[in-house]
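Peer 1: next comes the sequence, and after it the predicted model I'd like to discuss.
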Amino acid sequence: LLIFAVGIILRLLYIQDFNIIFDFDQIEDQFYTYKLAVDRDLLIIGRAVYGDARLHHGVFYYYYNLIPFLLSSGNFFVSVYWNIFFNAATSLLIFFLAKSIWQKNLPAYLSAFIAAFSFEMIKFSSWLTIDTVSIFTTTLFYFGLWFFYKGKPWGLALASLFLGLSLQADLTFLYLFPILLIFWVIFKPKIPGFRWLVISLLAFLTATFTLILTEIKLNFSGLITLLNFSGTF
């Protein structure tokens, strides 16, 4: 908890004197949140990926950012504080994950310390853009994978849910799929019962529901773009 608290303080010190990035991406993402909060426009299609307008990110960030937006009437700094909390809280998740892996305190404290004091993590915490929350969601993805490997069937459901939310945050997290495949080949985890397989599938489909709707609405243009990735980008 002390490491987490110091991590919060370091992140707040980093943004003093209004030291936040507010560029085109940030303005666009705040505008989407504005549409959701003020215009009551339930968002399904996220902003386009730079490089090909047929490919779209998810909308998870806009709903995640809706809470501080409503609480503060759109004060951008409250959104930054919201991001800072989850970014620093990742050090707590990493502590428990490392403690479970090594069964020792020292590696767990070192892992949490690195996450809390990392300049890259601190800098990333103040970004007002869609992939900021992915630090938290991808950590929970690995959290779920570890406990699934340890024989906990709910770990697969947890990993599936946060795999989907990571994809919602940024489509570049498609790279988690080959990681999942490598994990399966190397560690050969025990396949859970039918009930947990269904729950895991439903968790993933729920998390990626708007991405699926986007593809249906746009005649699967994003999927076609991905299949021709090397020629598109």
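Peer 2: Everything's here; your move. Numbers count the residues shown, from 1 in each chain.

Peer 1: other residues contacting stretch 205-216?
Peer 2: Stretch 205-216 has contacts (C-beta atoms under 8 Å, 6 or more residues apart in numbering) with 43-46, 56, 58-60, 160-165, 167-168, 221-223. C-betas here are computed from N, CA, C, even on glycine.

Peer 1: state the distance from the spatially most central residue of the chain to Asn228.
Peer 2: The centre of the chain sits closest to Ser134, judged by C-alpha atoms, centre = their mean, with a distance of 2.3 Å. Using C-beta to C-beta, to the nearest Å, Ser134 is found at 25 Å from Asn228.

Peer 1: what does Asn219 give?
Peer 2: For Asn219, the distance to Asn228 - C-beta to C-beta - is 15 Å.

Peer 1: try Leu181
Peer 2: For Leu181, the distance to Asn228 - C-beta to C-beta - is 22 Å.

Peer 1: again with Phe183
Peer 2: 28 Å.

Peer 1: the more surrounded of those two?
Peer 2: Phe183 (18 against 11; other C-beta atoms under 10 Å).

Peer 1: list of residues touching the strand ranked longest in the chain?
Peer 2: In the chain, with assignment by DSSP state E, the single longest strand is strand 52-56. Contact with strand 52-56 is made by 45-49, 171, 211, 214, 218, 221-222, 224-226, 232-233, as judged by C-beta under 8 Å, 6+ apart.

Peer 1: now, of the residues you listed, which are buried?
Peer 2: Neighbour counting with 16 or more other C-beta atoms under 10 Å marks 45-47, 49, 171, 211, 214, 218, 221-222, 225-226 as buried within the contacts of strand 52-56.

Peer 1: and the longest strand of the chain, which strands flank it?
Peer 2: Applying DSSP bridges to the sheet, strand 52-56 is found paired with strand 48-49 (antiparallel).

Peer 1: report the distance from the strand it pairs with to the chain centre.
Peer 2: 17 Å (C-alpha atoms, centre = their mean, to the nearest Å).

Peer 1: please enumerate residues in contact with it?
Peer 2: 54-57, 171.

Peer 1: with pLDDT and distance to Gln26 added, can I get these in JSON lines?
Peer 2: Formatted as JSON lines, the contacts of strand 48-49 follow (pLDDT from 0 to 100; distance: C-beta to C-beta, whole Å):
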{"residue": "Arg54", "pLDDT": "80", "distance to Gln26": "23"}
{"residue": "Leu55", "pLDDT": "84", "distance to Gln26": "20"}
{"residue": "His56", "pLDDT": "87", "distance to Gln26": "18"}
{"residue": "His57", "pLDDT": "88", "distance to Gln26": "14"}
{"residue": "Leu171", "pLDDT": "87", "distance to Gln26": "18"}
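
Peer 1: is it correct that Asp131 falls within a helix?
Peer 2: No - Asp131 is assigned coil when assessed by DSSP: H, G, I helix; E, B strand; the rest coil, not a helix.

Peer 1: nice, that's everything, thank you.
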